[in-house]
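# I'll drop the sequence and a predicted model, then ask my questions.
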Amino acid sequence: EAQVTQNPRYLITVTGKKLTVTCSQNMNHEYMSWYRQDPGLGLRQIYYSMNVEVTDKGDVPEGYKVSRKEKRNFPLILESPSPNQTSLYFCASTPAGRSHEQYFGPGTRLTVT
Amino acid sequence: AQTVTQSQPEMSVQEAETVTLSCTYDTSESNYYLFWYKQPPSRQMILVIRQEAYKQQNATENRFSVNFQKAAKSFSLKISDSQLGDTAMYFCAFMSMWDSNYQLIWGAGTKLIIKP
């Protein structure tokens, strides 16, 4: 089954404790991206990747890192989480040349206390 | 920069009624996509309908249809014969066809409640 998976689905952590949210897709898509969803703001892009070893900032990259060492994986790293990073996070993947086909992961609810 | 505005934070209707959700957007581009996504309590993002800006004909998917007014930059979603399962957050989103980062620009969402 074609899908985007995220782990963990729920995470409660404390300020400053490094964490990684994993994202994996099995569709051989070139493009992957991370969004965060906050009430009243919709979704905003954090980082995106056009292919292996090619990443760039979205609209709200502060406090986040990403890597794309393999085509299928695009982890989101919070080196020192803060309470303002409490949010719902979505990973998405898209085949090159078909930008209108966005496949979303199930979301990760992160709470930073 | 493109923006998407959904002016109705919350709406509620009776089951079987028709409801229209509003969305306006701002862009200087002529080629783009517009989307409506549904987010049920499970939080999964589900594509409801997509419209290409170069198509004059309004998109339709079963009970869901859009009213796309390009000159007015308006993209409303009509849900006919509403069902309890339509209860969800609905997001309007925009994407430029020429955006190299494939970025979706999202509205703030409308919470739709279908009452039995």
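Cool, the structure landed.
# and the residue nearest in space to the middle of chain B, how far from B:S22?
Using Cα atoms, centre = their mean, the residue of chain B that lies closest to the mean C-alpha position is B:W36, 3.0 Å off. Between B:W36 and B:S22 the computed distance is 11 Å (Cβ to Cβ, to the nearest Å). Quick note: C-beta positions are derived from backbone N, CA and C, even for glycine.
# now swap in A:S24 and tell me
Distance check for A:S24 against B:S22: by Cβ to Cβ, it reads 37 Å.
# with adjacent residues omitted, what lies nearest to A:E30?
Distance criterion Cβ to Cβ, 6 or more residues apart in numbering or on different chains; nearest residue to A:E30, sequence neighbours excluded, is A:A96 at 4.1 Å.
# wait, what's in contact with that neighbour?
For A:A96, the contacting residues are A:H29, A:E30, A:Y31, A:M50, A:N51, by Cβ atoms under 8 Å, 6 or more residues apart in numbering or on different chains.
# filter those residues down to the ones in strands?
Among these, the members found in strands (DSSP state E) are A:Y31, A:M50, A:N51.
# list only buried entries from those residues.
Applying a neighbour-count criterion of 16 or more other Cβ atoms under 10 Å in any protein chain shown, the buried members of the ones in strands among the contacts of A:A96 are A:Y31, A:M50.
# of the ones in strands among the contacts of A:A96, just say which sits nearest to chain B.
Proximity of the ones in strands among the contacts of A:A96 to chain B (Cβ to the nearest Cβ) peaks at A:Y31, which lies at 5.1 Å.
# now for the nearest residue to that closest one once chain neighbours are set aside: which residues touch it?
The spatial neighbour of A:Y31 that comes closest, neighbours along the chain excluded (Cβ to Cβ, 6+ apart), is A:T94 at 4.1 Å. Residues in contact with A:T94, defined by Cβ under 8 Å, 6+ apart, are A:H29, A:E30, A:Y31, A:M32, A:S33, A:E101, A:Q102, A:Y103, B:Y102.
# quick one on the thing from earlier: of the contacts of A:A96, which pair is most distant in space?
When the contacts of A:A96 are compared pair by pair using Cβ to Cβ, the farthest-apart members prove to be A:H29 and A:M50, with a separation of 10.6 Å.
# tell me which residue is most central in chain A.
With the centre of chain A defined as its mean C-alpha position, the nearest residue by Cα atoms, centre = their mean is A:W34, 3.1 Å away.
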